[in-house]
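> how does the following fold in three dimensions:
(chains A and B)
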Amino acid sequence: MPARAWSINVSYAFHTGWPITLAETVEVVRDDGERDLAWRAEKLYSSRLPAYYRADVRVTRKFRTDRGDVRLFFEVVNLTNRENVFAYDYEKAIDSSGAYFMQKEGETWFPLLPSIGISWNGGF
Amino acid sequence: MTIKKMTFGTLLIGAGFLCISMQASAQPVGSSAPESFATTRVHINEPREFSYFVRTESEFPQEDPSSQNFIPGVIFGYPSRLQLAMRFIVSREERSTFFDGFYSEVGFAFGKYGAVPLNPVAIFGISIEGFDPNALRGMIQLSGILNRRWVWAANIALESTVGGYREREFLLNSGLRREISPGNLAVGGELKEVYAISDNPDAGPPHESLIGPSIVWHVNPICTLRANSLWGISSSSPRNETNFFLEFELD
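Residues are numbered from 1 along each chain as shown, chains lettered A, B, ... in the order given. Below is the predicted model:
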């Protein structure tokens, strides 16, 4: 393929969510008689994470020099700012009536991520 | 899968960036190595070829403060069929600047492309997060061209964490394609097998097995498409993984 000045690269990756083992809450009684909550794992890999998808784009301008090729590029990772969950955090919280409950919050990969850069390719 | 653990994910993202650079520079005009597959790597840099790159990234999370990463990296192809790749990450967050990570990879080709059966390339990589070694990665790349029309490649990788949770992952990526219209269209299939051992409660399932079609299509002189769609099971659950790369080269 002939060397060109501009290149545009678009990539898209999709995969269905990994199987995951979630946790459920159970009520327990402490030594002092107080009620509390504990969590225990549900059936192994019985749930799925949400599907993952990500679109990236990169625009590159290439310059030919005597000392090799220089490329300037601008790139955006996760163009759609998709919140791709990779795990869940559990926290004990208190509702308005004073009762404890477990709060589940997804941990996500990076958000929309713009970047710029330069690369130099040559011989030595 | 260990990819879901952030520390291991950092390694894989690093490897991915390096892989992109290597793929861009590893197949210059005149190279005897075949074009890469969508997800299976083929060969290392040409001897006496080097690449230097630097990039800056900016993150703007909705709740957390913004951060910037400064990432320089180099790839050297040595005459003795050795390749060295390094990438540093320096981060700036909330008015503090700190060294966030380092990834280095050494590759060795056992012979010039076509000189040794299966064209083996051995790769050893190390990931350092903060100042602590975080993960080790060993890989064997194999590839070949059969009857001028069939191209195949296989990557066999073993990754292991060094500190924290004990995690090991064995990965096999393999591809086979036939040149339907040489230089224009090649179709075939790719295979991915993953076996993982982990003490991390957030780690994914221990086994994943995927297979599916793969295509490399030079649609016209300015447009190239590489894609695959792999289907299979992940610990008894159905699973799909689709990768799509579109490249435009313009004057």
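> now the strands for the stretch 101-250 of chain B?
Taking DSSP state E, counting those that start in this stretch, the strands of the stretch 101-250 of chain B run over residues B:121-129, B:132-146, B:150-161, B:167-181, B:185-198, B:207-220, B:223-234, B:237-250.
> in the last one, which residues are buried?
The neighbour-count check on strand B:237-250 (16 or more other C-beta atoms under 10 Å in any protein chain shown) flags B:237, B:239, B:241, B:242, B:243, B:244, B:245, B:246, B:247, B:248, B:249 as buried. Backbone N, C-alpha and C define where each C-beta goes, glycine included.
> how about the second one, nearest residue that isn't a chain neighbour?
When you say that, I think you mean residue B:239. residue A:16 (5.1 Å; C-beta to C-beta, 6 or more residues apart in numbering or on different chains).
> list the contacts of residue B:151.
Applying C-beta atoms under 8 Å, 6 or more residues apart in numbering or on different chains to residue B:151 gives the contacts B:34, B:35, B:143, B:144, B:145, B:175, B:176, B:177, B:178, B:179, B:186, B:188.
> just the pLDDT for it.
Reported pLDDT at residue B:151 in the predicted model: 83.
> could you do the one 10 residues further on as well?
At residue B:161 the predicted local distance difference test score is 81.
> for the closest residue to it other than its chain neighbours, name its beta-bridge partners.
Residue nearest to residue B:161 in three dimensions, not counting chain neighbours: residue B:167, with 4.4 Å by C-beta to C-beta, 6+ apart. With DSSP bridges as the criterion, residue B:167 is bridged to residue B:198.
> so residue B:167 sits right up against residue B:197, yeah?
Yes - contact criterion C-beta atoms under 8 Å: residue B:167 and residue B:197 qualify, at 7.1 Å.
> compare those two (neighbour count), which wins?
Between residue B:167 and residue B:197, counting by other C-beta atoms under 10 Å in any protein chain shown, residue B:167 is the more crowded of the two (21 against 13).
> just the strands in chain A please.
Applying DSSP state E to chain A gives strands spanning A:6-15, A:19-20, A:23-29, A:35-41, A:47-48, A:52-65, A:68-77, A:85-94, A:100-108, A:113-123.
> rewinding a little: any chance of the strands of the stretch 101-250 of chain B in a markdown table with distance to residue B:95 as columns?
Formatted as a markdown table, the strands of the stretch 101-250 of chain B follow (distance: least, C-beta to C-beta, whole Å):
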| stretch | distance to residue B:95 |
| --- | --- |
| strand B:121-129 | 22 |
| strand B:132-146 | 24 |
| strand B:150-161 | 31 |
| strand B:167-181 | 34 |
| strand B:185-198 | 36 |
| strand B:207-220 | 42 |
| strand B:223-234 | 42 |
| strand B:237-250 | 38 |
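> closest to residue A:64 out of those strands?
Checking the strands of the stretch 101-250 of chain B against residue A:64 by C-beta to C-beta gives strand B:237-250 as the closest, at 13.9 Å.
> now whatever residue of chain B ends up closest to chain A, nearest residue through space, not along the chain?
Nearest residue of chain B to chain A (C-beta to the nearest C-beta) works out as residue B:55 at 3.1 Å. Nearest residue to residue B:55, sequence neighbours excluded (C-beta to C-beta, 6+ apart): residue A:117, at 3.1 Å.
> dump the residue contacts of the one you found.
Applying C-beta under 8 Å, 6+ apart to residue A:117 gives the contacts A:72, A:73, A:75, B:53, B:54, B:55, B:56, B:71.
> and it, how far from residue B:171?
28 Å (C-beta to C-beta, to the nearest Å).
> now residue A:8
Separation of residue A:8 from residue B:171 (C-beta to C-beta): 30 Å.
> between those two, which one's more packed in?
Neighbour totals were compared for residue A:8 and residue B:171, and residue B:171 leads with 19 against 15 (other C-beta under 10 Å).
> pretty sure the more buried one contacts residue B:154?
No - using C-beta under 8 Å, residue B:171 makes no contact with residue B:154, being 10.8 Å away.
> which single residue in chain A comes nearest to chain B?
Relative to chain B, the nearest point of chain A is residue A:117 (3.1 Å; C-beta to the nearest C-beta).
> quick one: neighbours of the nearest residue to residue B:91 once chain neighbours are set aside, just the number.
Once flanking residues are discounted, residue B:91 sits nearest to residue B:100: 4.1 Å by C-beta to C-beta, 6+ apart. Neighbour count of residue B:100, defined by other C-beta under 10 Å: 19.
> between the host helix or strand of residue B:100 and strand B:132-146, how many degrees?
Here residue B:100, judged by DSSP states H and E, is contained in strand B:96-109. Here strand B:96-109 points in a direction 30 degrees away from that of strand B:132-146 (axes from the mean of the first three to the mean of the last three C-alpha atoms, to 10 degrees).
> from residue B:171, how far off is residue B:122?
Distance of residue B:122 to residue B:171, given as C-beta to C-beta: 15 Å.
> what of residue B:177?
According to C-beta to C-beta, residue B:177 and residue B:171 sit 20 Å apart.
> show me what residue A:113 bridges to in the sheet.
Beta bridges link residue A:113 to residue A:77, judged by DSSP bridges.
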